[in-house]
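In: Following is a predicted model, sequence given first.
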Amino acid sequence: MSKKIILHFFVVFGICAAVALIFVRFYYENRLLAKIIDRLSADSRVAEALVTEVRTDPADGKTYTTVKFVEFDAKGMPLEPRYFRFSSNIIHFQSMVIRFDDYYVKNAHPLKGRSAYVFMKAFAFVNGGVESYQINAFNEVPSGYAVSFAKNPFERRLWRSFWEYALKADKAKRSGIKNAQIEAPATKFVPGLLYTLKIEHDGGLRIDTAPLPAVLTD
């Protein structure tokens, strides 16, 4: 009788342990899935802009919009502000964007865990022409973009090979790159709004708007 009781105990214990293991695994997998979804749908602020002045020049009758543009480095710290003056308020911010394979994004890879970008220029189409300001030179990795602990040529090689990644799918795939392309999101710039440029971890650049904080309106 005692052997049956002991056997019964071990059977019940085994079942309980199996159920507990399944529960723990289910809980872990759901947490992992949630993290993966968060990574794939996450974004990071990379720059902000606002209109500092709108003025009509009596000499030519044109209305000029001045925009203050501030990038953020890899640590989220603001870089030196730049000021752009256009005779149009529909302003584009052009950048090179490289999207990495979802595997790297899901696993928060230190170098490939989100789409990479470099701002190239700000521009506006005006009367059949273009007004343009350079932000960063082609094929260079500005110090503010560099990953602080990545003391290797990965990033420089990444941008020097940009067009090869864009035009040669096999090379891009071998490097874990989904695609590489030029993007130039634009919107209308008016006073009283804060424009935030964000990079989606598995996508490209976008421009969000929000009312200007009271501290900046005085």
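Out: The structure has been received and is ready for your questions.
In: For the protein, which element, helix or strand, carries the lowest mean pLDDT?
Out: Sorting the helices and strands of the chain by mean pLDDT, DSSP states H and E puts helix 2-41 at the bottom, at a mean of 54.
In: After it, which helix or strand is next?
Out: strand 43-56 (DSSP states H and E).
In: Break the protein into its domains for me.
Out: As given by automatic domain parsing, the domain ranges for the chain are 1-41, 44-216.
In: I'd like a version of those in a markdown table, one that adds mean neighbour count as further columns.
Out: Placement of C-beta: from N, CA and C, glycine included. Shown next, in a markdown table, are these (neighbours: other C-beta atoms under 10 Å):
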| stretch | mean neighbour count |
| --- | --- |
| domain 1-41 | 10 |
| domain 44-216 | 15 |
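In: lowest-confidence stretch among those domains?
Out: Lowest mean pLDDT within the domains of the chain: domain 1-41, at a mean of 53.
In: so how far is P213 from F125?
Out: Noted for F125: a distance of 30 Å to P213, by C-beta to C-beta, to the nearest Å.
In: And I98, by the same measure?
Out: Where P213 is concerned, I98 sits at a distance of 32 Å (C-beta to C-beta).
In: With S87 instead?
Out: 28 Å.
In: All the helices of this structure, in order from the start?
Out: 2-41, 102-106, 154-160, 162-167, 169-174 (DSSP state H).
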